[in-house]
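Chemist: Dropping the sequence and predicted coords here.
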Amino acid sequence: MGDHHRTDCNEALRELYVFLDGELTEERRSVIARHLDDCNPCLEVFDFEAELRLVIQQKCREKVPPELRQRIEETLRSLSTAPDQPPR
Ligand SMILES: [Zn+2]
């Protein structure tokens, strides 16, 4: 694990949200998937985002466990310093 990952990480994280929306091309998907494969920090972000989406989807039907909600709030707080992508 070296610094050569850094640029990839920024790019991967930026495309992560597009990835989760299923709007990436297959080529970009495999690039991101491969990056997540050997980059733990990005994989954790991906896991969280994927989980968050599931929670949001289920929110109408089920109550969110307070423990999970706290985790989401904490992560959202820590993410708020990152540059946001405006919705297209
Ligand atoms: Zn990464």
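Modeler: Yes, it's here.
Chemist: Return the distance of residue 77 relative to residue 31.
Modeler: 30 Å (Cβ to Cβ, to the nearest Å). To be clear about C-beta, it is placed using only N, CA and C from the backbone, and glycine gets the same treatment.
Chemist: When these two are compared, which one has more neighbours?
Modeler: residue 31 (17 against 9; other Cβ atoms under 10 Å).
Chemist: show me the contacts for that one.
Modeler: Applying Cβ atoms under 8 Å, 6 or more residues apart in numbering to residue 31 gives no contacts.
Chemist: Around the ion, which positions in the protein sit nearby?
Modeler: Proximity of the chain to the ion is confined to 9, 39, 42 under the rule Cβ under 5 Å from the ion.
Chemist: at 8 Å what do you get?
Modeler: 5, 8, 9, 12, 13, 35, 36, 39, 41, 42, 43 (Cβ under 8 Å from the ion).
Chemist: Secondary structure, pLDDT and neighbour count added to those, as TSV?
Modeler: As requested, these are exported to TSV (DSSP: H, G, I helix; E, B strand; the rest coil; pLDDT from 0 to 100; neighbours: other Cβ atoms under 10 Å):
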residue	secondary structure	pLDDT	neighbour count
5	helix	49	15
8	helix	81	16
9	helix	89	14
12	helix	87	23
13	helix	86	20
35	helix	91	20
36	helix	91	19
39	coil	92	18
41	helix	92	13
42	helix	92	20
43	helix	93	14
